[in-house]
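Trainee: pasting the structure only:
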């Protein structure tokens, strides 16, 4: 009995039939290690999808929109849980990131990253921006060990720096590497094995590995580090590996290890951030009433360095008249741990505590989302405390303003995007952005009954049909998993992943994002996804894993994710192939992987590729063009990415679109996509020439310069068709074809 595909549609069945019909006689390709089997060639002998049990009817466009929305929601949710202000790390794709052939965000490093280097491992996955390094240089305060860090780094080229989280170790490491490197500084993949001798480096470059777990540290040996240090020295490179303070290393590598010791001075760190913001001596700011005692408390408590940096920024706002000093001091005083425990444990009633917990999950979201979730949790909590009574709350009981104040939060008017456009909403958020994870940790640490109730409440929220809600529930579950990963995996994450329901799947994907940020848990997440993709696992679990590989997890370990997606792309299950396609589209738009994904799709779609792999690759070409449009300086509207590409990227996309048009079953969707581009050109005249040039290149690749003009004339003839755009583009195409013919004639005469 074959396993039903819960997301398959009748059109998917026809597509599989078309693949099989045109697969006879094709040699296996795309993965030369395994020849194509009869199951690949003929769906009649392969597992058949059980359409009768289809639970959800959705189009590919719906699912792609859902994928894009879920990805955006995960960025926001993880940032909210980490205390990062909204929009602080969002990357807006601009056409200049693609034109010219070199990505400008998160560039990959190390030899040929596309193909032919199976024996080598890409060293880095993210370039540290020059703006960030310049800011660090201006605000940097040296800890006592900084000169020792530089000396040890210069002596061996490789340093294992051990310091607790929040010490400021990333900033210190980046400053040291920037000072020692003459070109760029890159961050490394979290699953990189330092034992590998096949890592490629660029000359005069610095490398930082921020996530290094105890398992990786336990397998280090002097031989490997000596080899790595020698290779770094030969290329005048430097590398720092950050270790948590609890991690131990084998005795024979302690020569490479340095314990960081005391962090930078608290007052000087705050002073440097105020000076940077005001561009003057901030002595008068630090002398303001209440600031000195607050700095003394922070010197004793020593919060994470980011808290001190934020205090400096807020004091600068006070000096500029944009904030009230009393509010700043109150906010930071409230963040100190003893005060936090007193507040959460003793000062909140049932409704207010439920509201605070809900806000920890939905911080920065509309008030109606928070209150709905809080009401559900309050009922659960009241029922647990008085099981013989039906929970009842006065209709005009606690006011929203009282709940917001009790939760140490604030509300303000904002705008959210709805189905029909932007609409105003009331947003609520904690005044201290560090509260969300602290509240969840407090519940887990001290209140086991409440932990069970919150966990069950999150499980229900994860099944919400609103993407934002299930994502936030998943991220909160991910925070809990950092305290007890195996338990959270078995009771929350994996049940979501196995259910086969779309929104449960999104919750499971979101839940994996947070533990992947931790050096000791990232390898577990990677191994778990690999196990989920096994062909003997339930289909729903495999689809969840494939979708997760398109998120920041796959973006951080492309050498692992892309081969796994390649295997999923060959599946007989349409939902798994679709998941692989969507994830490849996400990776295309992530920093530094554009060239690699294009090269992979060229491999997947070549004529000798295995039929299902080729079909997935061709679908992915359309998916990645639909996934996101780009902003251009010339455009009045966002443009499709294809006309914006130049160089080898343009050649690759032209080839891929040519294969789409020449492949049975795909031309209708392909021409429909191009028709949409022409529709944009009807409204934006500046797109007409770039689009015409792309279509000219595509016609040459097809060796048929008439097929595209034929379709364009048909579109123009439609009621309210894009007549002006087609007329202008046909004129451009005609001019280019005449010029091309003259160049060919001239070349033939010369020969």
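Mentor: Cool, the structure landed. Note that the structure is a prediction, hence the values are computed from the model and not measured.
Trainee: Which element is encountered next along the chain beyond the helix-or-strand element of the chain with minimal mean pLDDT?
Mentor: Of all the helices and strands that make up the chain, helix 38-41 has the lowest average by mean pLDDT, DSSP states H and E, namely a mean of 41. Per DSSP states H and E, the first helix or strand lying C-terminal to helix 38-41 is helix 60-82.
Trainee: So what's the model's average confidence on that next one?
Mentor: Helix 60-82 comes out with an average pLDDT of 86.
Trainee: for stretch 465-472, same thing?
Mentor: 94.
Trainee: Counting neighbours, which bits of that stretch end up buried?
Mentor: Neighbour counts using 16 or more other Cβ atoms under 10 Å place 467, 468, 469, 470, 471, 472 of stretch 465-472 among the buried residues. For the C-beta atoms, the positions are set from N, CA and C on the backbone; glycine is no exception.
Trainee: Which parts of the stretch 301-450 of the chain are helices?
Mentor: Assigned by DSSP state H, counting those that start in this stretch, the helices in the stretch 301-450 of the chain fall at 305-319, 325-335, 337-346, 350-361, 367-385, 400-406, 435-446, 448-461.
Trainee: Narrow the buried residues of stretch 465-472 to those in helices?
Mentor: Judged by DSSP state H, these include 467, 468, 469, 470, 471, 472 as members of helices.
Trainee: pretty sure the first one contacts residue 67?
Mentor: Yep, that's residue 467 we're talking about. No: contact between residue 467 and residue 67 fails when scored by Cβ atoms under 8 Å: they sit 9.9 Å apart.
Trainee: circling back: figure out which of the helices of the stretch 301-450 of the chain is closest to residue 429.
Mentor: helix 350-361 (7.6 Å; Cβ to Cβ).
Trainee: tell me the average confidence for that closest one?
Mentor: Rounded mean pLDDT across helix 350-361 is 95.
Trainee: how big is the angle separating it from helix 435-446?
Mentor: Between helix 350-361 and helix 435-446, the angle comes out at 120 degrees (axes from the mean of the first three to the mean of the last three Cα atoms, to 10 degrees).
Trainee: can you give me the angle helix 350-361 makes with helix 337-346?
Mentor: Using the same axes, to 10 degrees: helix 350-361 against helix 337-346 is 130 degrees.
Trainee: Quick check: the gap between residue 697 and residue 691.
Mentor: Here the distance between residue 697 and residue 691 works out to 11 Å (Cβ to Cβ, to the nearest Å).
Trainee: Between these two, tell me which one has more neighbours.
Mentor: In terms of neighbours (other Cβ atoms under 10 Å), residue 691 is the more surrounded of residue 697 and residue 691; the figures are 25 against 20.
Trainee: Summarise which helices and strands the helix or strand where the more buried one lies is packed against.
Mentor: Element membership of residue 691 [criterion: DSSP H and E] is helix 688-702. Where contact means 3 or more Cβ pairs under 8 Å, 6 or more residues apart in numbering; DSSP states H and E, helix 688-702 is packed against helix 647-662, helix 667-683, helix 707-717, helix 723-750.
Trainee: Measure how that helix sits relative to helix 647-662, angle-wise.
Mentor: Using the same axes, to 10 degrees: helix 688-702 against helix 647-662 is 60 degrees.
Trainee: Find me whatever residue is spatially closest to residue 587, sequence neighbours aside.
Mentor: Of all residues not flanking residue 587 in the chain, residue 593 sits nearest, at 4.9 Å (Cβ to Cβ, 6 or more residues apart in numbering).
Trainee: ok, how many other residues are close to the one you found?
Mentor: 25.
Trainee: where are the low-confidence patches of the stretch 651-751 of the chain?
Mentor: The stretch 651-751 of the chain contains residues with pLDDT under 70 at 742-751.
Trainee: now with 50?
Mentor: The stretch 651-751 of the chain contains no residues with pLDDT under 50.
Trainee: again, but for the chain
Mentor: 1, 10, 14, 20-56, 87-124.
Trainee: Which segments of it make up each domain?
Mentor: 266-341, 343-458 (automatic domain parsing).
Trainee: Any chance of these in CSV with distance to residue 541 and mean neighbour count as columns?
Mentor: Output for the domains of the chain, formatted as CSV (distance: least, Cβ to Cβ, whole Å; neighbours: other Cβ atoms under 10 Å):
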stretch, distance to residue 541, mean neighbour count
domain 266-341, 36, 17
domain 343-458, 20, 17
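Trainee: As TSV, those domains with distance to residue 522 would be great.
Mentor: TSV is the format used below for the domains of the chain (distance: least, Cβ to Cβ, whole Å):
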stretch	distance to residue 522
domain 266-341	20
domain 343-458	18
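Trainee: wait, which of those domains is closest to residue 663?
Mentor: That would be domain 343-458 among these, by Cβ to Cβ, at 35.1 Å.
Trainee: Check the offset of that closest one from the chain's centre.
Mentor: 27 Å (Cα atoms, centre = their mean, to the nearest Å).
Trainee: Span of that domain from start to end?
Mentor: Distance across domain 343-458, first residue to last, is 23 Å (Cα to Cα, to the nearest Å).
Trainee: and what of stretch 603-622?
Mentor: Termini of stretch 603-622 sit 16 Å apart (Cα to Cα).
Trainee: Now it: buried residues?
Mentor: Buried-residue list, stretch 603-622, by 16+ other Cβ under 10 Å: 603-605, 609-622.
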